[in-house]
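Asker: sequence? don't have it. structure:
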């Protein structure tokens, strides 16, 4: 079944959080140090979404008006996820907002400047590049949504739980689009299945890899996916990946969890 992008446009938009006094709520009842460290990471990744959009728009995906419509809405919604999390950081007296975003981007260096070129060349050489992007996006969105659910459970902060629940509902629509597109593209092309499986096996890393220092990525994986509950969340993501044509048995999340969080 095709994803109705027009429905996304009608129902998507800025995350509603003005009714939540995020700064005061967390000033009065702050998160513990580990939850706050995890939330910093999530803020930085959400605020980096526009840079990923930059990379994708130099590929052949920009020719598809459904994809560019989706990604316009997707980027807009992700921007406000970062803005909401920025207010939570502000409630803890943390560097937040555009100054924090600028600092994160300034540390990226030459690798970040070369990413658009790598995407452009990859798309020129690999006709199934868009299928790779759709599958990759689905996996990242499944991981992100699961991460928010785990942070909500671990932090047990009522205002954070409400905020993350709203974010997760928007992430759910992003999952629907990416997974629907990935399933369609992989299901109709053996070459797409082969190249996507190879790309994920060799190059996929946890969301935020390279944007934040490796030790921060490792901490977040341990915090969110450690223990029995974390292992269950990781297994559910891998089962979702297994249902995409040609991607069964990759166990991407389980392998990352075993490396960092066991």
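Answerer: Yep, that arrived. Just so you know, these numbers come straight off a predicted model, no measurement behind them.

Asker: give the buried residues for stretch 186-205.
Answerer: Going by neighbour count (16 or more other CB atoms under 10 Å), the buried part of stretch 186-205 is 186, 189, 192, 193, 195, 196, 197, 199, 200, 204. All C-beta spots, glycine's among them, are computed from the backbone N, C-alpha and C.

Asker: pull the most distant pair out of the residues you listed.
Answerer: Every pair in the buried residues of stretch 186-205 was compared (CB to CB); the two farthest apart turn out to be 189 and 204, at 19.4 Å.

Asker: need the buried residues of stretch 186-205 in CSV (columns: distance to residue 217, secondary structure and pLDDT).
Answerer: Written out in CSV, the entries for the buried residues of stretch 186-205 read as follows (distance: CB to CB, whole Å; DSSP: H, G, I helix; E, B strand; the rest coil; pLDDT from 0 to 100):
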residue, distance to residue 217, secondary structure, pLDDT
186, 27, helix, 98
189, 32, coil, 97
192, 28, helix, 97
193, 28, helix, 98
195, 26, helix, 97
196, 23, helix, 98
197, 23, helix, 98
199, 20, helix, 96
200, 17, helix, 97
204, 13, coil, 96
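
Asker: let's have these in CSV, adding distance to residue 71.
Answerer: What follows is the buried residues of stretch 186-205, written out as CSV (distance: CB to CB, whole Å):
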residue, distance to residue 71
186, 19
189, 21
192, 19
193, 23
195, 21
196, 19
197, 24
199, 19
200, 20
204, 20
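
Asker: just these now: which is nearest residue 108?
Answerer: Set against residue 108, the nearest of the buried residues of stretch 186-205 by CB to CB is residue 204 (19.3 Å).

Asker: name the nearest residue to the closest one, ignoring sequence neighbours.
Answerer: residue 252 (5.7 Å; CB to CB, 6 or more residues apart in numbering).

Asker: burial of that neighbour, as a residue count?
Answerer: 19 (other CB atoms under 10 Å).

Asker: for it, give its distance to residue 239.
Answerer: Note on residue 252: its distance to residue 239, by CB to CB, to the nearest Å, is 12 Å.

Asker: likewise for residue 87?
Answerer: Remark: distance between residue 87 and residue 239 (CB to CB) = 35 Å.

Asker: next: residue 158.
Answerer: Using CB to CB, we find residue 158 at a distance of 30 Å from residue 239.

Asker: same deal with residue 106?
Answerer: Separation of residue 106 from residue 239 (CB to CB): 39 Å.

Asker: of those two, who's got more company?
Answerer: In this comparison of residue 106 against residue 239, neighbours counted by other CB under 10 Å, the higher total goes to residue 239 at 12 against 9.

Asker: what about that one, which helix or strand?
Answerer: Here residue 239, judged by DSSP states H and E, is contained in helix 227-242.

Asker: and the helix or strand that comes right after that helix with helix 227-242, angle?
Answerer: Following helix 227-242 in sequence order, the next helix or strand is helix 252-260 (DSSP H and E). Computed with axes from the mean of the first three to the mean of the last three CA atoms, to 10 degrees, the direction of helix 252-260 lies at 150 degrees from that of helix 227-242.

Asker: who does the worst-scoring helix or strand of the chain on mean pLDDT touch, helix- and strand-wise?
Answerer: Counting by mean pLDDT, DSSP states H and E, the weakest-scoring helix or strand in the chain turns out to be helix 5-11, with a mean of 83. Based on contacts counted as 3 or more CB pairs under 8 Å, 6 or more residues apart in numbering; DSSP states H and E, the elements that helix 5-11 packs against are helix 65-91, helix 158-187.
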